[in-house]
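Enquirer: got a structure for you, letters missing:
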């Protein structure tokens, strides 16, 4: 993606502002399709001034700026919906004190061919804002998109906002790794055939992983629990958010009705979980006063988180395979709350099956635990080395000897 287009996208959000009454309402969004042309209709309670324009950047977008308004569309209480024709989907953003906007994600470059307002079709009906867009070439779209009236001062401001778009933990001597021992307290998790509680094996594994990571001198390790208690999901996620961690690893043990099933696996966010992370990110997404700027930053962070989480999972599995068997297709995706911080790369490791006798014996064996956690340490080292971190590029990455 070109820096110019990113900046143009953010500049559109910075320059957009409007005046209006805070009790105005958006009541509906509709679409009509006629060949290469799509009509977007926004229905409002009262007549309002509006401005429509297109932006290129993270994606091709049609943006409609409005006065400060409430969102009151039945069935779309979350402020987002599915589009039609040239529109993939749309989201509503409120800047609280200045303006609101509806952002339409375009499935293909398009140009605005007309925009106008219509009075209600009948007494007591809604006012209508109409924008017609037509399929265009990429060159035509870029020519028509964005703004030309920028200043050096505003660009400096944009750069300051842009640097937080991709999550970068603060500079520090050691990487911060958050290790989450699954379950605990009132929640024992899976109970094995020999009576082993998942909450016990995850805690022992977390302590062992902390010991080995700290022994390298390269890591500071935070545990979400260090005793038999049950932290809430919010508390577990909060540890990585508050520490601005470099990685988050949640340790679990699996179960299956088939006692012969065994092996480790690594989970990352699926699409549904990413949507939940997006919603979570929006709750505290106030780095600027402009909703669309915050949206751009959040989307960049989510994309980076998912990419980095997947990269870490692949590297980690390579090393886990040296410590024991893996499940078929061991990189899996799931809707897991504990991975939901929108920025920190995060994985959930299923260390084995407590419902399999061999895995259960390994999960309760100190020697097997040391070997498996040593493979996790090697995977973490490898991940940072592959990412190009100077401190790890020349590391030997040899697993710690068993004690």
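Expert: It's in. Every value quoted in this text rests on a predicted model; they were computed, and no experiment measured them.

Enquirer: so who does residue 94 touch?
Expert: Residue 94 makes contacts with 68, 69, 70, 71, 100, 291, as judged by Cβ atoms under 8 Å, 6 or more residues apart in numbering. Glycine gets a C-beta too; all of them are placed from N, C-alpha and C.

Enquirer: got CSV for these, with distance to residue 385 too?
Expert: Shown next, in CSV, are the contacts of residue 94 (distance: Cβ to Cβ, whole Å):
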residue, distance to residue 385
68, 50
69, 50
70, 51
71, 47
100, 46
291, 39
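
Enquirer: Quick check: the two most widely separated of these?
Expert: Greatest spacing in the contacts of residue 94, by Cβ to Cβ: 70 and 291 (13.8 Å).

Enquirer: Between those two, which has more neighbouring residues?
Expert: Higher neighbour count among residue 70 and residue 291: residue 291, with 24 against 14, using other Cβ atoms under 10 Å.

Enquirer: so where's the protein shaky on pLDDT?
Expert: Filtered on pLDDT under 70, the chain yields the residue ranges 1-23, 56-59, 95-98, 146-170, 270-305, 334-343, 389-403.

Enquirer: What ranges does it have for its helices?
Expert: For the chain, helices defined by DSSP state H occupy the ranges 3-15, 138-144, 152-162, 198-215, 233-243, 271-283, 291-320, 357-363, 366-386, 390-393.

Enquirer: helices or strands next to the second one in the packing?
Expert: Helices and strands touching helix 138-144, as assessed by 3 or more Cβ pairs under 8 Å, 6 or more residues apart in numbering; DSSP states H and E, comprise strand 110-118.

Enquirer: what's the burial count for residue 269?
Expert: 25.

Enquirer: Same check on residue 105?
Expert: Neighbours of residue 105 (other Cβ under 10 Å): 16.

Enquirer: now swap in residue 242 and tell me
Expert: Each residue near residue 242 was counted by other Cβ under 10 Å, and the total is 11.

Enquirer: can you check the one 4 residues further on too?
Expert: Applying other Cβ under 10 Å, we find 26 residues neighbouring residue 246.

Enquirer: same question, residue 75
Expert: Counted by other Cβ under 10 Å, the residues lying close to residue 75 total 7.

Enquirer: Repeat that for residue 46.
Expert: Neighbours of residue 46 using other Cβ under 10 Å come to 13.

Enquirer: Against residue 363, how distant is it?
Expert: 64 Å (Cβ to Cβ, to the nearest Å).

Enquirer: What residues are bridge-paired with residue 41?
Expert: Here residue 41 sits in beta bridges with residue 30, residue 130, going by DSSP bridges.

Enquirer: show me the contacts for it.
Expert: Residues near residue 41 by Cβ under 8 Å, 6+ apart: 28, 29, 30, 31, 32, 128, 129, 130.

Enquirer: Name the nearest of those residues relative to residue 106.
Expert: residue 31 (12.2 Å).

Enquirer: Leaving out the residues flanking it, which one is nearest to that closest one?
Expert: residue 84 (3.8 Å; Cβ to Cβ, 6 or more residues apart in numbering).

Enquirer: and that neighbour, backbone torsions?
Expert: As for residue 84, its main-chain torsions (degrees, to the nearest 10) stand at phi -160, psi 150.

Enquirer: number of nearby residues for it?
Expert: 15.

Enquirer: if we can go back for a sec, which one of the contacts of residue 94 sits closest to residue 216?
Expert: residue 291 (42.6 Å).

Enquirer: contacting residues for residue 117?
Expert: So residue 117 contacts 47, 48, 50, 127, 128, 129, 130 (Cβ under 8 Å, 6+ apart).

Enquirer: try 6 Å
Expert: Contact partners of residue 117, counting by Cβ atoms under 6 Å, 6 or more residues apart in numbering, are residue 129.

Enquirer: go on, residue 106?
Expert: Residue 106 makes contact with 60, 62, 86 under the criterion Cβ under 6 Å, 6+ apart.

Enquirer: Among these, which ones are in strands?
Expert: Residues of the contacts of residue 106 located in strands (DSSP state E): residue 62.

Enquirer: Closest one to residue 142 out of the contacts of residue 106, please.
Expert: Nearest to residue 142 among the contacts of residue 106, counting by Cβ to Cβ, is residue 60 at 9.4 Å.

Enquirer: Was I right to think that closest one contacts residue 109?
Expert: Yes - at 5.4 Å, residue 60 and residue 109 qualify as touching, with contact defined as Cβ atoms under 6 Å.

Enquirer: ok, those two, which is more surrounded?
Expert: Higher neighbour count among residue 60 and residue 109: residue 60, with 23 against 20, using other Cβ under 10 Å.

Enquirer: The more buried one: what's it in contact with?
Expert: If you count contacts by Cβ under 6 Å, 6+ apart, then residue 60 has 106, 109 around it.

Enquirer: Would you mind measuring from it to residue 357?
Expert: If you go by Cβ to Cβ, the gap between residue 60 and residue 357 works out to 56 Å.
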